[in-house]
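1. coords below, sequence missing:
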């Protein structure tokens, strides 16, 4: 019997440290009209300095620290979640 795998997406996901989400602030192009988009996500100086060094890469801006990269310290929150998609593809190819 052929194996049938149906999905609405690739099964891949990128996570984010839950403790970090509530600390994000948004710098909108126009505060009165958020639908015009945003310039960047940022952290206040206090929040940024409270994080373990190297877990968030940011550049200093007037509001605090504009986030450019999130490295994290916990396995399982980034691209390693793609492992599941790879396992599915591997098992499917072995079946044939």
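-> It's in. The structure displayed is predicted, hence computed values, not measured ones. Residues are numbered from 1 along each chain as shown.

2. contacts, neighbours, all on C-alpha from now
-> OK.

3. what number of residues lie near residue 65?
-> 23 (other CA atoms under 10 Å).

4. what lies in contact with the host helix or strand of it?
-> Assigned by DSSP states H and E, residue 65 belongs to strand 64-70. Strand 64-70 has contacts (CA atoms under 8 Å, 6 or more residues apart in numbering) with 40-45, 48, 55-60.

5. buried members of these into PyMOL, please.
-> Those of the contacts of strand 64-70 that count as buried under 16 or more other CA atoms under 10 Å are selected in PyMOL with:
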select buried, resi 41+42+43+44+48+56+58
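
6. now stretch 18-28: buried residues?
-> Applying 16+ other CA under 10 Å to stretch 18-28 flags 24, 25, 26, 27, 28 as buried.

7. could you dump these to TSV with secondary structure, pLDDT and distance to residue 70?
-> Formatted as TSV, the buried residues of stretch 18-28 follow (DSSP: H, G, I helix; E, B strand; the rest coil; pLDDT from 0 to 100; distance: CA to CA, whole Å):
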residue	secondary structure	pLDDT	distance to residue 70
24	coil	90	12
25	strand	93	15
26	strand	93	16
27	strand	95	18
28	strand	94	20
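
8. for those, give me CSV that also has distance to residue 64.
-> Below are the buried residues of stretch 18-28 laid out as CSV (distance: CA to CA, whole Å):
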residue, distance to residue 64
24, 11
25, 10
26, 11
27, 10
28, 14
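
9. what's the farthest-apart pair in the contacts of strand 64-70?
-> Greatest spatial distance in the contacts of strand 64-70: 40 and 55, 17.8 Å, computed using CA to CA.

10. run through the strands of this protein in chain order.
-> Taking DSSP state E as the criterion, the chain carries its strands at 25-28, 38-43, 56-61, 64-70.

11. in JSON lines, list the ones you listed along with distance to residue 89.
-> As requested, these are exported to JSON lines (distance: least, CA to CA, whole Å):
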{"stretch": "strand 25-28", "distance to residue 89": "38"}
{"stretch": "strand 38-43", "distance to residue 89": "35"}
{"stretch": "strand 56-61", "distance to residue 89": "32"}
{"stretch": "strand 64-70", "distance to residue 89": "28"}
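
12. looking at the ones you listed, spot the one closest to residue 94.
-> Across those (criterion: CA to CA), the nearest stretch is strand 64-70, sitting at 35.4 Å.
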